[in-house]
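Asks: Prediction below, plus the sequence it came from.
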Amino acid sequence: MDGLTVVVGLIMLVGFIGIAVPLLPGLLLIWAAVLVWASGAQTTAGWVVFGIATTLALSGVMLQYLLPGRRMTKAGVTTSSTVTGAALGVVGFFVVPGVGAFLGFVLGIYIAERIKRGTHAAAWPSTKHALKAIALGMGIELLTGLAMASTWVIGVITTT
């Protein structure tokens, strides 16, 4: 195993940490690591692995934003509540590094739904759906990262 492979593996590990703790761009780091490896390998197989990883990354990002949003819309969470949640998520990202985006998003959904619906009992179901949407989005991102990393491992094995 050469030094480039080790460095790429470490970058991917940091990318997976970025998926769990949304402080770093997880999928982007994993994708960039595959790009660095393909550039260093300079083989057809390396570029095929990069192409597959790019397709997986684009598909994962698309699913990560489409599926949770659809589920929240079906559950009755309005666009204005989602926008409020996103805005407070951005604020939370800077106020409480690591978990602030998550906390801010959920708090934003709750506040918007509480104002709209009037009671805690009416606002809480929407907030639970927002929590489920976050979990679904993180799950999609994690599975996408694992698929990209698995593709890279297969590429490493086949090119050495």
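Replies: Thanks, I have the structure now.

Asks: Now do the contacts for residue 52.
Replies: Going by Cβ atoms under 8 Å, 6 or more residues apart in numbering, residue 52 touches residue 151. Glycine gets a C-beta too; all of them are placed from N, C-alpha and C.

Asks: try 10 Å
Replies: Going by Cβ atoms under 10 Å, 6 or more residues apart in numbering, residue 52 touches 34, 147-148, 151-152, 154-155.

Asks: and the two most separated of those residues?
Replies: Farthest pair in the contacts of residue 52 (Cβ to Cβ) is 147 and 155. Separation: 12.7 Å.

Asks: Have a look at the two and say which one is more surrounded.
Replies: When neighbours are counted by other Cβ atoms under 10 Å, residue 155 comes out ahead of the other of residue 147 and residue 155, with 23 against 18.

Asks: wait, what's in contact with the residue most central in space within the chain?
Replies: Nearest to the geometric centre of the chain sits residue 141, at 4.0 Å (Cα atoms, centre = their mean). Contact analysis of residue 141 by Cβ under 10 Å, 6+ apart lists 16, 18-20, 22, 26-27, 30, 57, 60-61, 63-64.

Asks: hmm, 8 Å instead?
Replies: Residue 141 makes contact with 19, 26-27, 60, 64 under the criterion Cβ under 8 Å, 6+ apart.

Asks: Show only the entries of those found in helices.
Replies: Cross-referencing the contacts of residue 141 against helices under DSSP state H gives 19, 26-27, 60, 64.

Asks: Specify the helix with the largest residue count in this structure.
Replies: In the chain, with assignment by DSSP H, the single longest helix is helix 120-159.

Asks: picking that back up, dump the ones in helices among the contacts of residue 141 to TSV, plus distance to residue 52 and neighbour count.
Replies: Shown next, in TSV, are the ones in helices among the contacts of residue 141 (distance: Cβ to Cβ, whole Å; neighbours: other Cβ atoms under 10 Å):
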residue	distance to residue 52	neighbour count
19	19	21
26	18	23
27	14	24
60	12	21
64	18	19
